[in-house]
Structure formats: C-alpha cells, structure tokens
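Trainee: 3D model of this:
(4 chains)
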Amino acid sequence: MSASASVNLSTRIRKRVSGGNRIALLLLRRWDARIAIMIVSLLTLSGVAPETLVGPLQTATTATADALLPPSGTHLFGTDDLGRDLLNLTVHGARISLVVGALSAAITLVIGGGIGMIAGYRGGRVDALLMRVADTFLILPTFVLALILAPILRELIGDQTEIFGIRTTLLTIVAVIGFTSWSSTARIVRSQTLSLRERTFVERARLVGLSPMRIIARHIFPNIRTVLVANGIVVIAGSILTESTLSFIGLGDPFQPSWGTILGNAQSAAAPSLGAWWFIAAPGCAILITVVACTIIGNAIDELLDRDVRVQR
Amino acid sequence: MSEQPRANTSASAPLLRVRGVSVTYAAQRSIADLLARRPANGIVALDSVDLDVNAGEIVAVVGESGSGKTTLARVIAGLIDADEGVVEVEGEGPNDWRSVGMVFQDPYETLDPKRTLGEFVAEGLEAQGLPMDRVNTSLEAAELLPAAAFRDRVPEELSGGQRQRVVIAGALALNPKLVIADEPVSMLDVSMRAQILKLIEQLRRDQGIAWLFITHDLSLAWAISDRVVVLYLGAVVEEGAAEQVLRNPAHPYTRALLAALPSTDPGAASTHSLAAGEIPQGDTPSGCRFRNRCAHAVEACANKRPPLEAAPGGGAGHRVACIRAAELPPLS
Amino acid sequence: MSTAAGADHVRQLPAGADAASPLLEISGLRVSFTLSDGRRLTAVDGINLSVAPSEAVGLAGESGSGKSTVVGAIMGLLAPNGRIDAGNIRYRGLDLVAKGAPLRRTRWREIAVVFQGSLVALNPVIKVRDQVAEAIELRLGESAEVAQEKAKHLLHDVGIPEKRLNAYPHQLSGGQRQRAMLAVALSCSPAVLIGDEPTTALDVIVQAQILELLDRMRQEYGLGLILITHDLAVIADMCDRVAIMYAGRIVESGSVKEIFSAPRHPYTQALLGAAPDARAGRRTIKVLEGHPPDLSALPPGCHFAPRCPLADARCREEDPPTIEYADRVTLACHRYSLGDGKPPTPIDAPYPTLELGKR
Amino acid sequence: MKARRWLLGRLGGAIATILMVLLLNFVLFRLMPGSPDRALARNPRVSAAAMEAARVRWGLDKPIFPDQLIAYVGATLKGDFGYSVKYGGREVTSVIGEKIGPTLLIVGLGEIIALAAGIALGAWTGWRRGRFGDRVGTLGALILYSMPYFWLGMLLITLFATTLGWLPTSGISTPGGPGGIEGAIDLLRHAALPIATIALGLIGQYAILLRSSVAESLREGYVLTARAKGLRDERILRGHILPNALLPTVTLAALNAGYVIGGALTVEIVFSWPGLGLLTQEALQSRDYPILQGVFLLLSVSVVMANLLADLLYSRLDPRVRHGAAR
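Mentor: Have a look, this model is predicted:
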C-alpha cells in the first residue's frame, strides 16, 4: 500500500469516529492528559479495592504501631497520632473522597445540565428566573452555606442509617455539595444551549416541525455531551476539594475517614507544630494529585473541543 | 415530478401572497424599564411589505445588510410571526410546511455535525409523517449521486457546495412549491456558486419550483430572477421585471446600488458612490426613508412615505416609491 | 490641509535602502507551514510581484490560494509555524527576509496594512484617535500633542466626522471603521499600502465609498498600493496591474487592461466568467467543477490541471514554466509558448456554461 | 442612558439576590431542629421574659407564612440577628463585629497580593503560551489552585514556623506582648503566614484565568494590527492585550469573593486566627445557629456588594458596556 493511500485510509478512519470518541482518541495523544488519566485510573483502583492493597482499614483499636512514626520501611508514609499506618488510611480515604466526589458531581450535572438546557432552550421568563437563582448560588459563599446546611440536614435525617452501604453522613455531604455547586454547570450548559438554539440547524428543525423535546434530544444534547463530560470532570475535582474541606472542619464521618478527615485529625493532633510533616503530606498530596489530574483532563477535553469546533467552522 | 411549470402570467392568484407585513423587534426591557414605565421602542425591521411570487417564478429580493431581507424570509417561512399583515401560500397560512422549503446562507451551520445526511433529509419527513423513500429521490434531485452513498456520511466529509446541495435536498424532501433561499451562494467559493445556481434553475425548470431568492448581489439578482424587489430599511422601494429594474432603475437607491457595482468588463465605467453614508442603525427617517442619503432629496420627501406607484416610463409591473422619480436625471 | 503628513513630506529611507531601487519587489518567494502532524504545506510557491509609487497592483485568488500569506511574509507576521523557505522581499533594495532584517523599521513606517473586518482589527477598548496617534508617537517619536493633532487631521482626511473623533470602534459604522483603519494605516505616511480584502465585509455602496477614498489617498500620498481580494471586479475598478494566484502560484499577471480583455490562463477565464455581471449585461457564467486543492496534498504538475478542460497528460506531470511574453506580463500554462515574441493567442477553455435567467 | 439602564438592572439583581439570601436564611432557620425558642431555651442565661419578648418579636405564635417571614425580614433589616448561644446570650451583631477586623486584614491583604502576582504570572505565561516557561508557570499555577487552603497553611506552618522557626505558629499576637510599634510588628509576624496562604491559594486561579484570556487575545485581529504597526512586545502586551484581557479577571475577582471567604475560614482554623472562620467553627461545634446565620448573612451581603462594585468598575473599564453596546 502506498504512503498516500495509507494516509487517506487513516483520515477516513478518523472521520468515521464520532465526536466524543475522537476527543477521547485525541486526548490519549497528549502526554499531560495521558499521565493524568493514568493517575485517576490508579486512584480509582485503590478506591475500588483498598483491602487487597493495604489490608482492612485500621482503627484506634486495631492500630499496632507507635504514634507519629516518620516514614520507614515498615510504614512507608509514617503513622498518625493513634499509631495507624498512614498508607493504609490514605488508600482507604481514596474510596470516600472519590465516591463523594463522583456522586456530588453526578448530582451537580443532573441539576445543572437540566436547568441549563431548560433555561437556554425556553428562554424568556423561565430563563430569567432560573438564571437569577443560579446567579445567586454562583455569587454566594456556597461553602459557608454548605457548612450550615450539613449539620442541619444531618440532624433532620439522623446519621445512624446506611443506604447502599454508604453512611448517611456521607450522603448528607454529597447532597450538600450537589445542592450548592450546580450553578456554574447550569451557566455553561445554558450558554451552550443558547448558542445552539440560534444555530441554523436548530432553526431548520423547528421549521420542518420537530417538537422542542425532539430538538433537545436530537440536536442540543448530542452537541453539548462532550462539554458536559469536560465540565463533569472539573466538577469532580471541585467536589473533592469541598468534601475535604468539610471533613477537615469535622463534618465528615469519623468511621469512614476521607483525606480531609485525616488532615482534620492532623490539625487536632497539632501535627504542624510538632513537625510531623508526614501526617500532613500523604493525604494532602493525594488531594492535590487528584484535583490536578482531573483539572488537566477536563481542560484538555475543553481545549480539544474548542479546536474541534474551530476546525469545523 | 410530472408537474409542468406554470406560466407566471396566469391571471390566477399568486403562489405566495404577502400583504402589508410589518415586524418590529422589541428592544429588551429590564425590570427597571417596566417600573419606570418606559415605552418599548423597537427597531422596525419590516414596514408594510407587499410581495407576490407566482408558481414557477424566481423572484429576487435585493438589499444591503440591515434592509430587512432576512427578516422577510423568516416571516414567510413562518419562523417569525409578523406583527401585522398576511402571508399566504396557495391561499393558506404560513404553517403549510409542505409547500414552502428553506435554504439558509451558511451550509456549515445548517447541518448538525452530529447527524448523518440521511437523518438530516429525513428529519422533515419524520416530523410530517411522510414516507422515508423520499430521502433518496431528494438527494438524487440535488445531484448527490449515488444517493445511497451519501445517506450515511456526516457533514464534516463534505465541501461547502455539497453541503448546500444536502440542504436543498432537505428542502426538496417535503415536495415544496416554493423554496426561500436566503443568500444561498454568498458563503460559497466562486467555483461552487455556479453549481448551486445551476441546480436552482434546473429545479425550477424540471419541477416547477418557485424560488424567493434573497441576495445582496444585484448582478446575481438580475441574472437569475424573473422579477427583482429592492428593499431598503424594511420597505420595498422598487420592483419590476429584472431587466427593467436594472436597465432603467427608477429609485435613487437602486441607481446608487447599480453605480456602486464593480464590473470585470474592461469597457465598463468605474464605480462611484451616488449615495452618502450608510444604512442608519437607529431610528428610521420620517417620510422617505432614503432621503438622508439621497442626492435628489427635497423638503417634500420628509413629509410622508412615498407610495409604490408605476415607474415613469417603466414597463408593466415596474413600480417605484419615489416622489421625484419622474424628475431624476438620466443615468450616465 | 489634506496633505498634513502627505506626499510633500520628504521621505527618509531606512539605513541600507536606496531610493533608486524599486519600491517593493518580491521575487521567488516561497512560504511553508508545518502542520500539527509534522507535514509541511507550501502556501506560497515561488511568486514574483512588484509595485511602484502611485501604482495599484491587485493580487487575486480564491480563499486558500495563499494571497494572505503573502501579506504575512511582507510584514513579518507569519504564524509561528510558518517559514520563508526561499526568495526575496525587498523594499527600496533593503532585504526584508534576511536574518536580522530591519522589519521593525519598515513595518508601518514604510509598509502599512488595512486588514479585512476592522471591527476586529481595531482594539475595542481604545479610542480610534488614540489608535491613530499611537504609531505616530511610538514610531515617529513625535510628542503626544503632535501625534494627537496629526491623528485629528488624518481622521478628518479619511472622512470621519468631527464629533466622532473621540469614538470607540463600536460606536462607528462599518464604513467609518474601515475609514478609521485607513487613517491608522496612513499614520506614519507609509510608501506602500497593502489592502487585505479591505472591503469584503462592506455593502456595495459603502464599498464604492471606501474604494474611492483608497484611490484618492493613493494619488494624494503617492502610495504604492497592493490590493488583495477575491473580487476581480474590484481589481478591475482600482488597479493598474493584476496577478492571479492559484494554489500558491501566480498563474497569470500583467496589466489589468491586457489580462481582463484577453485572459489566457484557463483559471483566469474561469474566474472572470464565474459570476454574472449586470453592468456588462452578461448572464452567462462558466461552471468550474471541483474544488481548490488541499495545499497539503497538491496534485503534481500544474495544480489547476484536475479542474482544467484543456489539461492533458503533460499538464498532470510537469510544472508549467512561467513565460514572460511582454514587459511584466507573465503566464504559466503548458498550452501557451513564447513562440515568435508576439503575445500568444488566447485559447478559450471549453468550460460548461450556464445561461442564467433563460426559461 | 443605556449604561445607566444596565447598572440599574445590576442593582435590581443585587437586591433580588439579597432578598433570596434572606429567604434562604429564613427557611434554614425554620428547618433547624427544634423551633427557635427551643434553641433559646437551651441557653440558661436567657430569662423567661426575654424569651417571651423574642417569641413576640419573631411572631412565633403566628403562622410561618407570611407573618413570621415578614417579622424575620423586619428584624433582620433592623440589624437584629438574635442572640448567640455560646457567647452567653450576647447579641450576634456584637460578637461578629469584633471578629471582622482580623478576617478583613488577612483576606484583604491576601487578595491584593494574589491579584498583583496572579496578573503578572498570567500575563507572562499567556504571552509565552506553549513555550517552556508557560508550561512550568501554568503547572505551578494549577498546583497552587488545586491545594486546599488549610493544607497549604499546615505546610507553611510546618516549614516556616516549626522547622525553620522564623514565624509564630498560630494566634494573632504573643500573649502579654508589647504594644505600640513593636506590637504592630508582632501582629504582622503572626499575620504573615495566613496572608501568604490566602495569597498563594488565589494566585493560581487569577494566573490561569488571565493566561487564557491573554492567549485568546493574541489571536485577535487588533493584536495583529499592533504587531504590524511595529510596536514592541511589551507595548503590545500592556497597551493592547491587558486592557482587554483584564476585564474577565475583574469579574472573577468579585465572583470569587464568596469562594475566597470559604477558604479563609479554614485558614483561620489552621492558624487559630481569631476571626470569623474560627468563630464559625466554634459555632458549628456548639450548634450556635444564630451566629452561623449571622455570619452567612454578613458574608453573602458583602459578596453581593463586591459584585456590584465589580460591575461598576467593569462599566468604567469597558467602553462597550459604558455605551450600552452588546456585551
């Protein structure tokens, strides 16, 4: 096969791949995105099967080591003030942080995406009202709102029950983050919907008699799907940050520690003034790496999307 | 497609009948405006426009940007409701989609990048509950051959000219008697234009489809249409057979358009601007809306809007809205 | 008052320039771009072009023919992935391509540009008067007051009303913005003005106004004008000479009179016949099939061969040589040869034609 | 004229937002476990007479809607936020009042430093986009942006206070320390790390935003014109790109106010800095809802005001907004 023929074939294959998949392919070509995807996969793995990696979660009673040991051969990340192995805690923390991050991002996307599409497509008063509410949430110190909401919600629900093996304490946090962080997603989706609504293909669909629901399903949603994915990944990063902050303050579940909870323990144990840097380092780096990786993936999708749109126009 | 093209001189009612259509775009009002009871002063896009298109006829609507030509196209297509006036196709209201099709300016924007060409053409059929076998015949009629090969392709693989053919196929699927084409070739490369123009003429000849051809290009309007309607600031200032309007323009605005038209003919005189300034953006001038830019304007021009009357020395159907039309000096 | 900074101003040439040399001369210019996948694309392939004082030269071609790349090369504004591979651009004998070229001195002071779409070419948050004054102050080293005064004169000269002197770009109409852009271009009294599709976004009456203004400025300031456009009619209206570009090469060039009355290259014939012409009373259009080629995958031989009704095997294999059959009249087509020194007889390429408006 | 209309619209929006905050606060208040008087009853220092007065003032004997809502809004507008549970029945306003100063000090200085540094870093990386310096700078900005404030604070304490011993670990002043100028220096030494934490946490965000708007501006036609004019790079950046690219940063700086405050709260906890953050944590632990509501209301209103201010500034900076052209 001649060189030009094979180039031809590869372009044809590339063209057959639909938008979202092509973005995924392009993503794998960027080295920064590749590293980020590897990191997130590793974290997901440790979140799925922490026991096989580091054994069961250590508690105050099952801890065997001395308190506040610096990193060594036996305790790679050192131990905390109760003698628990920090590697064990950090790996187990991944599950809580990731689950809370993913669930609250899901809530955010459903609320924000739904409101954004309705506001953008309907326009007029519905749009004005919904965006007024969204703006309020965008401006307000939602973290402070979350701080107040979390204990109130917890007292209303009670924190002793479990749903699908997740304690309600965590579900409260998920609900609070989802409820307070949907507005920027709604804004993005609305502006996308608004510009799609003005595009000629939507106008033509109206002209030939397609119903609004069908237009949203056929033309609007497919065209914002990738934007939603990009935004969703960035939202996961934001949710993990918010979760860690809430847990740090002590609103997390002490029986299912997340990275924020561990850092909260470090603060109560005065780790910084004791110079116990390892107590702070492991969980903090876990948060940092996760957030950086998610942001890189989200931004890379966004950039590719942007270029994709530019090339097509 | 056994339908024969009808003679446009028939005494029967026109295919498209537009009477007294006016559209005002309301300026956005904030809550503060409502509280202060400020009146909504809008922008007049169309001001009592009359227009006929007969079966099998190509009528060109000519105007600069801001003349209201795109608004007119949308009103006729039913995408915008007129504030006043009547739009009828074969005596029915504007929602009779099956007899009016539309071709848009930008073929890159008209096709959804996420859908195949077959899905695009089928969209209208599906919405109207028509049989799907028209997809192939429409693609073939738009000279996208073999049709089966195009159905599963996505817009990205097509050139601008091919895309515009697909858009035309999408309009043809609904078996229209009239297609509104809003600047259908202005985004295309010079080499693609001829192909699309050829297709438009072919469809008129073979299927008797009438076209309302919206354009800013006077030469193109003159060449492709039977009749030309000149629009300025939302009102018809001159209309008539293409040849008459271009050879013997009766309105100062039409004359200015013609004088400004550059030509590749080495013998043609060079262009010059007969009109001052640009289409005003805000308020429409009182009386004749062109008077602020017109070299022939007199005081009386400000008094009332000049009616559309038979052009002095013009042929049948040549009408002009200018009180000084009879006194204009001959065009050099 | 019209020549505030105009023709009577004694031009101080930049060091190394020579008043006896041609004003602007491009020879054998080749520009290529590196694509993201590593391939190279030749956008401009060995073109020659020159302009003399007070002369207007048109450079015509479809989108993607490489005409805007020529502007980038002259001004030293090629995108970072672009590179001049070969050829010369000389301003009064001063080489603008050589390493360490004095581009910074010739830009705007000697060669200025009016870009297409002045809504984006003008800075939205700066008053147009300041945008005119900026180059006078920074490039000519005038004081702020002098620069402002000159800017006022220039804006008046291009027809911006007095009350609009302190306007921001968005407060001007499309035609006024293009006038303001012209004032910005003339601010340092350049010797060469390049118009890169300067009227493309305008309506026809406003286009005529701007073209009239450009023509007046060319005469008043003795400018060498290079007009880049896809609209041959604008060139016919404005220019003395014309060069037709296709896929990075100039296929035919010469005086407007000669080329437009007897086009020889099949592509020129197609372009001239592609649109109906109401002024000339011509409804027949030539149908040029196919698309302009992808510059990263150019056909061998004559790039136009795949669309040319006259093409034969040789056209598809060999590059056509450029012949110069009269002074500065060139043609690159295998169908024509120099012969006995007389201008070759035009051959009508048998394009399918379409007679519009025939029932 | 059009610009005034635009500003009136913004003012209306701000008022609507504040009303929504009041409504939210009211609903939260009612959602609270137990009714407000029971919350009061938990406080032994409130007398029966004061409680009865509160019941009447809050209209607890009347229906929730609309009477109680009106009563609540009326009381709030009069500056009556109720009484703190933890702080021995003191008025919420007075408790909050004495904590505002320290918070303003670190948030204000932190924000100013972050804006200056973020703009410099963003302009530099945006101008050099795609090059090595940009990649390093952007990664640095992204890392700063991704660090939780409290973690950053803990790291700074471990390094600069505990290990190097340069600065105090916590608090606002040395107990029994000197007054006067030395006292001010002591205060600054204590404030240095909290300010640095807030500044570092914010720099990343401003730098990333400004980088993207500078990089976007580089594609604009007016930059091409400026280059063609033969202007020097520095002049193009300062004279043409920044005036356009800074506009979104102004908006973000204001929009962010709420987010910054959230971060600042945890910084105060880490440094035991006696401001609103520490107060909030104490209130959370002791279920002191009136204080929490007061803090939320105060912060919300100031954030809304900050946004209004940004809109005013925006309308001064961008002539298109000033003249009411489309944004």
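
Trainee: if I pick A:Arg199, what's in contact with it?
Mentor: A:Arg199 is in contact with B:Glu109, counting by Cβ atoms under 8 Å, 6 or more residues apart in numbering or on different chains. Using the backbone N, CA and C atoms, a C-beta is placed for each residue, glycine as well.

Trainee: And it, how far from A:Arg206?
Mentor: 11 Å (Cβ to Cβ, to the nearest Å).

Trainee: C:Leu225 too?
Mentor: For C:Leu225, the distance to A:Arg206 - Cβ to Cβ - is 48 Å.

Trainee: list the contacts for residue 130?
Mentor: Assuming you mean chain A. Counting by Cβ under 8 Å, 6+ apart, A:Leu130 has contacts A:115, A:118-119, A:186, A:190.

Trainee: Sorry, I should have been clearer: chain C.
Mentor: Per Cβ under 8 Å, 6+ apart, neighbours of C:Asp130: C:Ala151.

Trainee: so it is in which element?
Mentor: Element membership for C:Asp130 (DSSP states H and E) is helix C:128-139.

Trainee: quick one: contacts of stretch A:57-71?
Mentor: A:50, A:56, A:74-75, A:77-85, A:88-89, A:92, A:257, A:269, A:271, A:274, A:276, A:278-279.

Trainee: Buried ones among these?
Mentor: A:50, A:75, A:77-85, A:88-89, A:92, A:257, A:269, A:271, A:276, A:278-279 (16 or more other Cβ atoms under 10 Å in any protein chain shown).

Trainee: who touches the host helix or strand of D:Thr280?
Mentor: Counting by DSSP H and E, the element that carries D:Thr280 is helix D:276-285. Residues outside helix D:276-285 that contact it (Cβ under 8 Å, 6+ apart): A:144, A:147, A:151, A:249-251, D:84, D:86, D:95-96, D:99-100, D:103, D:264-269, D:272, D:288-289, D:291-292, D:295, D:298-299.

Trainee: Apply 7 Å and report the result again.
Mentor: Outside helix D:276-285, the residues that touch it by Cβ atoms under 7 Å, 6 or more residues apart in numbering or on different chains are A:147, A:151, A:249, D:86, D:96, D:99-100, D:103, D:264-269, D:272, D:291-292, D:295.

Trainee: tell me the mean pLDDT over it?
Mentor: The average pLDDT within helix D:276-285 is 86.

Trainee: residues of it that come out buried?
Mentor: D:276-281, D:283-284.

Trainee: Return it as PDB; C-alpha atoms alone will do.
Mentor: Presented in PDB, the C-alpha positions along helix D:276-285 are these (Å, rounded to 0.1, in the frame of the first residue of the first chain):
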ATOM      1  CA  LEU D 276     -15.000  34.900  61.500                       C
ATOM      2  CA  GLY D 277     -13.600  31.500  60.500                       C
ATOM      3  CA  LEU D 278     -12.700  30.400  64.000                       C
ATOM      4  CA  LEU D 279     -16.000  31.900  65.200                       C
ATOM      5  CA  THR D 280     -17.800  29.800  62.600                       C
ATOM      6  CA  GLN D 281     -16.100  26.600  63.700                       C
ATOM      7  CA  GLU D 282     -16.800  27.200  67.300                       C
ATOM      8  CA  ALA D 283     -20.400  28.000  66.400                       C
ATOM      9  CA  LEU D 284     -20.700  24.700  64.500                       C
ATOM     10  CA  GLN D 285     -19.300  22.700  67.400                       C
END
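
Trainee: which element follows that helix toward the C-terminus?
Mentor: Next element after helix D:276-285 (DSSP H and E): helix D:289-317.

Trainee: Check whether the helix or strand just after that following helix comes near chain C.
Mentor: Later in the chain than helix D:289-317, the nearest helix or strand by DSSP H and E is helix D:319-322. Yes: Helix D:319-322 is in contact with chain C by Cβ under 7 Å from any Cβ of the partner chain, via D:319-320.
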